[in-house]
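Visitor: what's the 3D shape of this:
(one chain, ligands or ions: 3)
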Amino acid sequence: MSDLEFVADLGVQWLRRPVPTTPGLAALLAQDALNAEEQAAVVQAVGASVADACATHGYHSMDLVVLHPATPGLEAALQRFDQPHTHADDEVRYILEGEGIFGFLDAQGEERVVCVRAGDYLRVPAGVEHRFTLTAVRRIKALRLFADTAGWAAHYTQRPVGPLAMKA
Ligand SMILES: CSCCC(=O)/C(O)=C/O
Ligand SMILES: [Fe+2]
Ligand code: NI
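Guide: Ligands and ions are numbered 1, 2, ... in the order given. The predicted structure follows:
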């Protein structure tokens, strides 16, 4: 079974959505850090392009996750992300810049590891076990969509796993 089939069997939706070419957006996405005003401008520029998903799944909150080498607490954040966990709400990530690695695990603990990059849109249904880390590029910007912020807390499965990395 291919990684794509494995991930689809878990119910994970993985679509290609080209990042909008809104004037000024590329320059903002090329920055390492974004202040609150700049993050709001990115959400404003991209939000309309995911209106279909919001309408279908009832997502009515969105924000940006911005990770780069100088992000304060980056290593601590990655240590939280790279442990297998689930959420009570869908985890929806629209990758706008940079890249990352997701590991998706089935009920038997088999894991498939995939790389995501700008233009990838992923919807990880509530309850699907996963983990995340950055590639050697060490940066990602992703739009997060959610129905209910409380549903986004990570529930760790304590499943024993090795380091999360793309297979050589
Ligand atoms: C690609 S966004 C950073 C990772 C994240 O938000 C998460 O929940 C990973 O499981
Ligand atoms: Fe997660
Ligand atoms: Ni609601």
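Visitor: interface residues of this protein facing ligand 1?
Guide: For the chain, the contact set with ligand 1 under CB under 6 Å from any ligand atom comprises 65, 81, 91, 93, 100, 130, 132, 140, 142. Bear in mind the C-beta positions are built from the backbone N, C-alpha and C, glycine included.
Visitor: now the residues you listed in TSV, with neighbour count?
Guide: Formatted as TSV, those follow (neighbours: other CB atoms under 10 Å):
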residue	neighbour count
65	17
81	20
91	23
93	20
100	25
130	22
132	23
140	24
142	24
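Visitor: what about the residues you listed, which are in helices?
Guide: In this view, those that belong to helices under DSSP state H are residue 81.
Visitor: report the longest helix in the protein, please.
Guide: The chain, longest helix under DSSP H: helix 36-47.
Visitor: then the helix or strand following that helix to CSV, C-alphas only?
Guide: Sequence order places helix 51-57 as the next helix or strand after helix 36-47, per DSSP states H and E. C-alpha atoms of helix 51-57 as CSV (Å, rounded to 0.1, in the frame of the first residue of the first chain):
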residue,chain,number,x,y,z
ALA,A,51,-14.1,29.1,2.4
ASP,A,52,-15.4,25.9,0.9
ALA,A,53,-13.7,23.8,3.6
CYS,A,54,-14.9,26.1,6.3
ALA,A,55,-18.5,25.9,5.0
THR,A,56,-18.4,22.1,4.6
HIS,A,57,-16.8,21.3,8.0
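Visitor: still on that earlier bit, by contact count, what packs against the longest helix of the chain?
Guide: helix 25-30, strand 61-67, strand 91-105, strand 140-146 (3 or more CB pairs under 8 Å, 6 or more residues apart in numbering; DSSP states H and E).
Visitor: which residues are in contact with the spatially most central residue of the chain?
Guide: Geometric centre of the chain, nearest residue: residue 93, 3.7 Å, by CA atoms, centre = their mean. By CB atoms under 8 Å, 6 or more residues apart in numbering, the contact list for residue 93 reads 65, 116, 121, 122, 124, 142, 143, 144.
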